[in-house]
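J.: Sequence below, structure please.
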Amino acid sequence: MKSSIRQGVKLLATGSAVPDLCISNDLISDIVDTSDEWIFNRTGIKERRISSSPTSLIDMAAKASMQALDKTQINTLDLDLIILATSTPNDLFGSASQLQAKIGASKAIAFDITAACSGFVIAMVTATQFIQNGSYANVLVVGADVLSKWTNWSDRRTCILFGDGAGAAILQSCSTVKNNILGFHLNTDGQKFDQLNISCEYSNFSDKCIYPGLRGNFKHITMHGKEVYKFAVSKVPQSIQSCLNSLNLSSESVDWLLLHQANNRILNAVASRLMIPAEKVISNLSKYGNTSAASIPLALNEALEDKKIKNGDLIVMSGFGAGLTWGTLIFRWYG
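T.: Numbering: from 1, shown residues only. Alright, predicted model coming up:
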């Protein structure tokens, strides 16, 4: 693998965007039988952002992308590739092309990756491969989801968890000496796909012009919370430790642990198993809830803007969720 690497990869900048509408736990308590105390104690979430616009996915993705680009010397026509990680596209056939058009990146190839809460990590790994093998030089990676559109707001087990948002990152080729994307580790367990999913149901239909068949409609988010929790606190630390071991790094060398923002109990449990102090865990879960593919880049961008992350810091990024999929990416930040 190392012998095929022609270029290094540098993470240049990040950006993020969220809707204006803020839904507090108290407001959700008016809809379903719950309370602010109950939600916060079990999840760490206080509020979430919800979009009311039908074009919100692309609007947020474009805003996050331009914010990231504005921090670099790259303009949209310099982009070679756009990867949009989303499980809630505007178009079932994909939305990356809409993002390409929205920001005017007419020279860029654009495609979607659907991997739910692991989507951003998998998209970053994918972008890294394209750069390392010399195919592309400037890549925009975006994680964006509008889970509110697929949430059953009468189901108190799930409606308390999810929010909408977008986050973006700019990757650029560099010399292998300056490379700061250090390693990754990805996994899938398709046997347990139904622990967290949005399934499709079919109904019979017929038409005078066509042969009778089936029409599909997607249902709401369903989740087996206890099983997802057990999966996350077991598999995620293993993935992180495996990735650290492959780089001859220890958990003590980690400056920041950046996990998918799903549940505060999961964040704490993973950090504890790796013996990483709580003060090294990046979290903005209380403000945004679970934003799926957007959660990691949202938190990363906020940590950078707040100047928590310093030059030379080692960051372990790990996503996990539907599929079931999980993955880790380790990088060193050079601002």
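J.: What distance do you get for D255 to L171?
T.: 20 Å (CB to CB, to the nearest Å). For the C-beta atoms, the positions are set from N, CA and C on the backbone; glycine is no exception.
J.: out of those two, which sits in the busier spot?
T.: L171 (26 against 16; other CB atoms under 10 Å).
J.: Quick check, pLDDT for C200.
T.: On pLDDT, C200 comes in at 68.
J.: swap that for N217, please
T.: For N217, pLDDT reads 69.
J.: Measure how buried K178 is and give me the count.
T.: 11.
J.: Need phi/psi at it.
T.: Main-chain torsions, K178, degrees, to the nearest 10: phi -90, psi 0.
J.: By mean pLDDT, point me to the weakest helix or strand of the chain.
T.: Sorted by mean pLDDT, DSSP states H and E, the helices and strands of the chain end with strand 210-218, the least confident at a mean of 62.
J.: helices or strands up against the helix or strand just after that one?
T.: Downstream of strand 210-218, the next assigned helix or strand under DSSP states H and E is strand 222-223. Counting contacts by 3 or more CB pairs under 8 Å, 6 or more residues apart in numbering; DSSP states H and E, strand 222-223 packs against strand 196-197.
J.: Which of the helices or strands spans L304?
T.: helix 295-305.
J.: List every C-alpha atom in that helix, with coordinates, as CSV.
T.: Taking C-alpha atoms only, helix 295-305 is exported to CSV below (Å, rounded to 0.1, in the frame of the first residue of the first chain):
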residue,chain,number,x,y,z
SER,A,295,-21.8,15.7,13.0
ILE,A,296,-18.0,15.1,12.8
PRO,A,297,-17.2,18.0,10.4
LEU,A,298,-19.5,20.3,12.3
ALA,A,299,-17.7,19.6,15.6
LEU,A,300,-14.3,19.8,13.9
ASN,A,301,-15.0,23.2,12.4
GLU,A,302,-16.2,24.6,15.7
ALA,A,303,-13.2,23.2,17.5
LEU,A,304,-10.9,24.9,15.0
GLU,A,305,-12.8,28.2,15.0
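J.: Run me through the strand neighbours of the helix or strand following that helix, direction for each.
T.: Next helix or strand after helix 295-305 toward the C-terminus (DSSP H and E): strand 314-321. Strand 314-321 pairs in its sheet with strand 256-259 (parallel), strand 325-332 (antiparallel), by DSSP bridges.
J.: Point out where the stretch 151-300 of the chain drops to low pLDDT.
T.: Where the stretch 151-300 of the chain drops to pLDDT under 70, the residues are 197-219, 225.
J.: 90 instead, please
T.: By pLDDT under 90, the low-scoring segments of the stretch 151-300 of the chain are 151-159, 175-179, 189-233.
J.: Do you have the helices of it handy? List them.
T.: 225-246, 264-274, 285-288, 295-305 (DSSP state H, counting those that start in this stretch).
J.: what about those helices, which gets the closest to I45?
T.: With CB to CB, the closest approach to I45 among those belongs to helix 285-288: 6.0 Å.
J.: I'd like to know which elements the closest one is packed against.
T.: strand 47-49, helix 264-274, helix 295-305.
J.: roughly how far apart are the closest residue to I45 other than its chain neighbours and E279?
T.: Once flanking residues are discounted, I45 sits nearest to G289: 4.7 Å by CB to CB, 6 or more residues apart in numbering. Applying CB to CB, the value for G289 to E279 is 22 Å.
J.: quick one: which of those two has more around it?
T.: Counted by other CB under 10 Å, G289 and E279 do not tie: G289 has more neighbours, with 31 against 7.
J.: quick one, domains of the protein?
T.: Under the assignment automatic domain parsing, the domains of the chain span 2-178, 181-191+222-332.
J.: re the thing from before, mind giving me CSV with the strands paired with strand 314-321 and columns for mean neighbour count?
T.: As requested, these are exported to CSV (neighbours: other CB atoms under 10 Å):
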stretch, mean neighbour count
strand 256-259, 24
strand 325-332, 24
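J.: Now distance to A127 too, for the ones you listed, in a markdown table please.
T.: Below are the strands paired with strand 314-321 laid out as a markdown table (distance: least, CB to CB, whole Å):
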| stretch | distance to A127 |
| --- | --- |
| strand 256-259 | 17 |
| strand 325-332 | 10 |
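J.: so where's the stretch 1-150 of the chain shaky on pLDDT?
T.: Where the stretch 1-150 of the chain drops to pLDDT under 90, the residues are 1-7, 33, 52-56, 89-93, 116, 148-150.
J.: now with 80?
T.: Within the stretch 1-150 of the chain, the segments meeting pLDDT under 80 span 1-6, 54-55.
J.: which stretches of it form helices?
T.: With DSSP H, counting those that start in this stretch as the criterion, the stretch 1-150 of the chain has helices spanning 25-29, 36-43, 56-69, 96-103, 119-132.
J.: just to revisit the earlier point, was I right to think the residue nearest to I45 contacts C159?
T.: No: using CB atoms under 8 Å, G289 makes no contact with C159, being 10.1 Å away.
J.: what's the distance between the residue positioned nearest the centre of the chain and L161?
T.: For the chain, A293 is the residue whose C-alpha lies nearest the centre (CA atoms, centre = their mean; 2.3 Å). According to CB to CB, A293 and L161 sit 15 Å apart.
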